[in-house]
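Asker: Any chance you could fold what I've pasted below:
(one chain, ligands or ions: 1)
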Amino acid sequence: MGEPIAIGRWSVRVIECGGLRLDGGAMFGSVPRVIWERCIEPDAQHRIPLATRLLLLEDSESDHVVVVDAGVGDKEDSSFRDRFAVQFPQGEDEPPLRRAIRSHGVDPDRVTDLIITHLHFDHVGGATALDESGISCPVFPSATHWIQQANWNTAIDPNPREKASYMPHNIEPLEGTRLQKIDGDGEILPGITVERVDGHTLGMQTIRVEGGGQVLRYLTDLAPTRHHLRVAWTMGYDISAITVIEEKARILEVALEEQAILILEHDPDSATARIEMKNGKISPVAE
Ligand SMILES: [Zn+2]
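Answerer: Have a look, this model is predicted:
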């Protein structure tokens, strides 16, 4: 367990909430397999291992404890778990998201806010869990849940392309929480800004934390692994590759100026990355 990163008033922990495997070709879009398989090795079913890596932020000036994204969760049946090789964090008998938080020495009952980057199952599934009667319920019923309005609208009435990723039992129970639907960019808590992007899915939000002269950015599916920090490397899952390229170029250019610490939600090996300009192209700094 790594030391927390201090960003102004926020103490930021990067926490692992299990993982999953997704088809390598779908993760790397138009990048040929002979190239991507040298980056992340696929298994016999052509899947690559991916982390589900979250942020846990504690405010030194208030009682705010903020979690960004929630992992897959454990509501799905064994055929789903096998198909995606879903892994859970170790710990006692409670929902995986609570186990992941507790394993970092933080009492999950202290969580006040959950920022959901978008409502695809591997980002929000862990925000709900089945109760004794098998009903999906929020893991943090009294926390404020932050989501882009545009993504909420997409998720409750999904297009055929994304329907399998937006699962009603991950989404509908959140209506019973303090749900803050955000419209575009904005500072939602002191030093924590969300920025709306639309290329991966409509109304995804990336997270920017600033303080004490430092910036940390959680890129979510704009750059799920360090390999996707190359601007042209998009995913087959993205609804618009061109929009992702434009959004990624814009955000990474600013991140380069800010010398931001970048957090990679799905990279199987690297939790963080920094970028540099190399031969006129933004590239991840080699570790
Ligand atoms: Zn996604």
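
Asker: Counting by contacts, list what whichever strand or helix holds residue 12 packs against.
Answerer: Assigned by DSSP states H and E, residue 12 belongs to strand 10-23. Applying 3 or more C-beta pairs under 8 Å, 6 or more residues apart in numbering; DSSP states H and E, we find strand 10-23 packed against strand 5-7, strand 47-59, helix 96-102, strand 204-211. Where C-beta positions appear, they are placed from N, C-alpha and C, glycine not excepted.

Asker: can those go into CSV with extra columns for distance to residue 223 and mean neighbour count?
Answerer: Shown next, in CSV, are the helices and strands packed on strand 10-23 (distance: least, C-beta to C-beta, whole Å; neighbours: other C-beta atoms under 10 Å):
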stretch, distance to residue 223, mean neighbour count
strand 5-7, 19, 17
strand 47-59, 13, 22
helix 96-102, 22, 24
strand 204-211, 9, 24
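
Asker: residues contacting residue 246?
Answerer: residue 199 (C-beta atoms under 8 Å, 6 or more residues apart in numbering).

Asker: ok, it to the ion distance?
Answerer: 18 Å (C-beta to the ion, to the nearest Å).

Asker: So for the helix or strand that the strand holding residue 12 is followed by, what gets flagged as buried?
Answerer: Downstream of strand 10-23, the first helix or strand assigned by DSSP H and E is helix 24-28. For helix 24-28, a neighbour-count test (16 or more other C-beta atoms under 10 Å) marks 24, 25, 27, 28 as buried.

Asker: quick one on the thing from earlier: next, the angle from the strand holding residue 12 to strand 204-211.
Answerer: Here strand 10-23 points in a direction 150 degrees away from that of strand 204-211 (axes from the mean of the first three to the mean of the last three C-alpha atoms, to 10 degrees).

Asker: Kindly export strand 10-23 (C-alpha atoms) in CSV.
Answerer: What follows is strand 10-23 as a C-alpha-only set of coordinates in CSV (Å, rounded to 0.1, in the frame of the first residue of the first chain):
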residue,chain,number,x,y,z
TRP,A,10,-6.3,16.6,-0.1
SER,A,11,-4.5,13.4,0.9
VAL,A,12,-4.9,11.2,-2.2
ARG,A,13,-4.7,7.4,-2.2
VAL,A,14,-4.7,5.3,-5.3
ILE,A,15,-6.5,2.1,-4.4
GLU,A,16,-6.9,-1.2,-6.2
CYS,A,17,-10.4,-2.6,-6.3
GLY,A,18,-9.7,-5.9,-8.0
GLY,A,19,-9.6,-6.1,-11.8
LEU,A,20,-11.0,-7.7,-14.9
ARG,A,21,-10.1,-8.9,-18.4
LEU,A,22,-11.4,-7.4,-21.6
ASP,A,23,-10.8,-8.3,-25.2
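
Asker: List the buried residues of that strand.
Answerer: So, applying 16+ other C-beta under 10 Å, buried residues of strand 10-23: 10-22.

Asker: ok, which pair from the buried residues of helix 24-28 is furthest apart?
Answerer: 25 and 27 (7.3 Å; C-beta to C-beta).

Asker: between those two, what contacts are shared?
Answerer: Common contacts of residue 25 and residue 27 (C-beta under 8 Å, 6+ apart): residue 236.

Asker: measure residue 106 to the ion for me?
Answerer: Applying C-beta to the ion, the value for residue 106 to the ion is 26 Å.

Asker: Run a quick neighbour tally on that residue.
Answerer: For residue 106, the count of nearby residues is 19 (other C-beta atoms under 10 Å).

Asker: sorry, back to before: nearest to residue 119 among the buried residues of helix 24-28?
Answerer: When those are compared against residue 119 (criterion: C-beta to C-beta), the nearest one is residue 27, at 19.2 Å.

Asker: got the contact list for that closest one?
Answerer: Residue 27 touches 36, 40, 48, 50, 224, 225, 235, 236, 237, counting by C-beta under 8 Å, 6+ apart.

Asker: hang on, isn't residue 116 packed against residue 145?
Answerer: Yes - under the criterion of C-beta atoms under 8 Å, residue 116 makes contact with residue 145 at 6.4 Å.

Asker: any shared contact partners between these two?
Answerer: Joint contacts of residue 116 and residue 145 (C-beta under 8 Å, 6+ apart) are residue 127.

Asker: The two - which one has more neighbours?
Answerer: Neighbours were tallied for residue 116 and for residue 145 using other C-beta under 10 Å; the higher tally belongs to residue 116 (27 against 22).

Asker: and that one, what does it touch?
Answerer: Per C-beta under 8 Å, 6+ apart, neighbours of residue 116: 69, 70, 123, 124, 127, 145, 146, 147.
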